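Chemist: Curious how this folds, go ahead:
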Amino acid sequence: MKVALLSDCYLPRLGGIEVQVHDLARHLRDAGHEVEAFTATRAASGERKVTEVIDDIPVHRLAIPLPGDLPVNPFAPPELRRRLLDGGFDVAHVHMGVVSPFAMDATRVTLGLGMPTAVTWHCVLAWAAPAVRTHGYLGRWARRGAALSAVSDVAAEPLRAMVPGVPVSVLPNGIDVERWVSVDKKPHDSVRAVTAMRLAVRKRPVELLEVMRQARALAPGVDLHLEVLGEGSQRGRMEKWVEQHGAHDWVSLPGRLSRHELHQRYVESDLYIAPADLEAFGIAALEARTTGLPVIGPHHSGITEFVDDEVNGLLVDDDSQMAGAIARLARDEVLRSRMRRHNVQTQPRQAWPRVVDETIALYSRAAQQQTGG
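Modeler: Numbering: from 1, shown residues only. Below is the predicted model of the structure:
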């Protein structure tokens, strides 16, 4: 099968969608499929209209000069249509965020060509839902045969509400389980909490610092530390908070790390915190869980795809409960060890071989719906 993956964002940008789409391309290729990617993200060299090869995946870049190198190109559809026609693709797989103009244009192009089209949302629509409902494009896409999916039930529910009776399946993000499996953990005296995220407002990194301060107050006899891995616009606010609260001795902000370095940090830690309210999935939390860490996060988050309350983590309703859950795990070494043992011994269902099978099933549904079968 020849697959076109279409996404506003792609490498060299770093984020959930960018990395997931490229990893999906690699694993589809390893399963014997031919894959090419199309994006409005410029190349690392700065070139905007170029086809390059990354990890044996052809990447067609259709970018234009915009402030901040925004991955937006309203002029892309004619060229995209030509390349898709010339490419002889069997299916198109479009990847959507909250605001994805390139992906939306791509969907209109592929459906206009009569190409089997799968569309996957990597976001929780939340504030954007009224606008999406008003525009009505979900129903139009479904009527034209698009196979709709989202990365979690949390992300799928708003879509299902907008198109009653139309199937919106869950196509989870995938991970290389072998890369993240645990190794022997060296004992240490402190309790180390860790999180990895883009330091953006919606991820709530500053709020996490306050939650952690409250957790430390609830566990006064525990040497509780927090390491926040990642970069983003909120770093300055976080550094200011650390300075104002004299928290240098228990907060660490080392920046963005490689996957190998992330794994090592997880191995050296005791628990993982996922503070974002509008997390559609939480790939970093899944990777940490696979390494063995108990995960703490909201009940209404996409982490519920792989975190069972009281089994391999703790699910909470608000920041006050989150502080209490952190303090509880910090104090209870037996509970941490039990959850760690479960995570190490029980592989998550989101391993890439299974995700690839589910992806191909979605493509088959797209082909059936396109032909009216």
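Chemist: Excluding sequence neighbours, find me the nearest residue to Phe75.
Modeler: Nearest residue to Phe75 in three dimensions, chain neighbours excluded: Ile64, at 6.7 Å (C-beta to C-beta, 6 or more residues apart in numbering). Every C-beta, even on glycine, is put in place using the N, C-alpha and C of the backbone.
Chemist: quick one: that neighbour and Pro78, what's the gap?
Modeler: 13 Å (C-beta to C-beta, to the nearest Å).
Chemist: Please state the offset of whichever strand or helix holds Arg237 from the chain centre?
Modeler: Assessed by DSSP states H and E, Arg237 sits inside helix 235-244. In terms of C-alpha atoms, centre = their mean, to the nearest Å, the centre of helix 235-244 is found 26 Å from the chain centre.
Chemist: Which residues does that helix contact?
Modeler: The contact list for helix 235-244, computed with C-beta atoms under 8 Å, 6 or more residues apart in numbering, reads Leu199, Pro205, Val206, Leu209, Glu210, Val228, Ala247, His248, Val251, Leu253.
Chemist: Return a selection command, for use in ChimeraX, containing the buried ones of those residues.
Modeler: Buried members of those, defined by 16 or more other C-beta atoms under 10 Å, are picked up in ChimeraX with:
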select :199,205,206,209,228,247,251,253
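Chemist: Identify the farthest-apart pair in the contacts of helix 235-244.
Modeler: Leu199 and His248 (17.6 Å; C-beta to C-beta).
Chemist: next structured bit after the lowest-mean-pLDDT helix or strand in the chain?
Modeler: Ranked by mean pLDDT, DSSP states H and E, the weakest helix or strand in the chain is helix 129-135, scoring a mean of 78. Scanning forward in sequence from helix 129-135 by DSSP H and E, the next helix or strand is helix 137-143.
Chemist: per-residue confidence averaged over the next helix or strand after that next one?
Modeler: Downstream of helix 137-143, the next assigned helix or strand under DSSP H and E is strand 147-150. Averaging pLDDT along strand 147-150 gives 98.
Chemist: Which neighbours in the sheet does strand 147-150 have, and how are they oriented?
Modeler: If you go by DSSP bridges, strand 147-150 pairs up with strand 117-121 (parallel), strand 168-170 (parallel).
Chemist: what about the helices in the stretch 251-373 of the chain?
Modeler: Here the stretch 251-373 of the chain has its helices, by DSSP state H, counting those that start in this stretch, at 259-267, 283-291, 319-331, 333-345, 352-371.
Chemist: what's in contact with the longest one?
Modeler: Among residues not part of helix 352-371, those counted as contacts by C-beta under 8 Å, 6+ apart are 1, 3, 23-24, 27-28, 31, 90-91, 93, 114-118, 120, 145-147, 149, 167, 169, 171-177, 373.
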